[in-house]
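Enquirer: Fold the following and give me the result.
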Amino acid sequence: PNSDKLLKLTIDFGKFKRQAVAGLKPYFKPSELKGKNFVFLVNLAPAKLAGIKSECMIIAAEDKGKYDLLVPTGKIGLEGHSSEPAKQVSLKDFANYKFKVRAGKVLCGDAILTGVRSKFKKGRVV
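Expert: Numbering: from 1, shown residues only. Coordinates of the predicted model:
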C-alpha cells in the first residue's frame, strides 16, 4: 500500500488463485483491472518483490510510455513451438525472452504469440 509503483493483486484463475506484484500503479487503477481477463505467466517461479511473494506475472505491452495489458483471444501458444509449458520460469529466464509488438502482433523473436492481442501496432512486451 505504501508503494508508488507496485500493486498487489490476487488473481482467480477458476481452479486456483495466485498473488501477483506488478509495477502497474502509475498506469492503472485497481478498479480498471477487476473482473477483466488478461494474459499471465502462471508458471513463474515464486519471487519476492518489495518483500511480497509474487506467484505469477501479468503481461503488458509498452509503447512510448503508455501501457496495454495483453488480452487473451483464444488458446495461447507460440507458433512453431511445443504447447507444453516449462515447469517453472524464473524472472531472470523470462527477462531473456525478447517479446515485441509489430503490426499489432505479439512476437517472441520471429515467432508469433497466438491467442493474444494488444491495442498497440508496435512496442515491446514487459
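Enquirer: Which residues does the lowest-mean-pLDDT helix or strand in the chain contact?
Expert: Lowest on mean pLDDT, DSSP states H and E among the helices and strands of the chain sits helix 91-96, with a mean of 83. Here helix 91-96 makes contact (Cβ atoms under 8 Å, 6 or more residues apart in numbering) with 41, 44-45, 47, 57. Quick note: C-beta positions are derived from backbone N, CA and C, even for glycine.
Enquirer: Do a quick rundown of the helices in this structure.
Expert: 30-33, 91-96 (DSSP state H).
Enquirer: show me where pLDDT drops low in this structure?
Expert: Residues of the chain that meet the criterion pLDDT under 70 lie in 85-86.
Enquirer: contacting residues for the residue nearest to the spatial centre of the chain?
Expert: Of all residues in the chain, the one closest to the mean position by Cα atoms, centre = their mean is I59, 1.3 Å from it. I59 makes contact with 38-41, 69-70, 116, 125-126, according to Cβ under 8 Å, 6+ apart.
Enquirer: Restricted to buried residues, select the residues you listed in PyMOL.
Expert: Only the buried entries of those go into this PyMOL selection, using 16 or more other Cβ atoms under 10 Å:
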select buried, resi 39+40+69+70+116+125
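Enquirer: closest to S3 among the contacts of I59?
Expert: Nearest to S3 out of the contacts of I59 is V126 (Cβ to Cβ; 17.4 Å).
Enquirer: Can you give me every residue that contacts K25?
Expert: With Cβ under 8 Å, 6+ apart, K25 has these contacts: 3-7.
Enquirer: ditto for Q88
Expert: 43-45.
Enquirer: A20 too?
Expert: Per Cβ under 8 Å, 6+ apart, neighbours of A20: 8-11, 40, 54-58.
Enquirer: ok, now L70?
Expert: Per Cβ under 8 Å, 6+ apart, neighbours of L70: 38-39, 59-61, 106, 116-118, 125.
Enquirer: which non-adjacent residue is nearest G23?
Expert: Leaving aside its sequence neighbours, G23 sits nearest to K5 (Cβ to Cβ, 6 or more residues apart in numbering; 4.8 Å).
Enquirer: Relative to F28, how far out is the one you found?
Expert: Going from K5 to F28 by Cβ to Cβ, to the nearest Å gives 12 Å.
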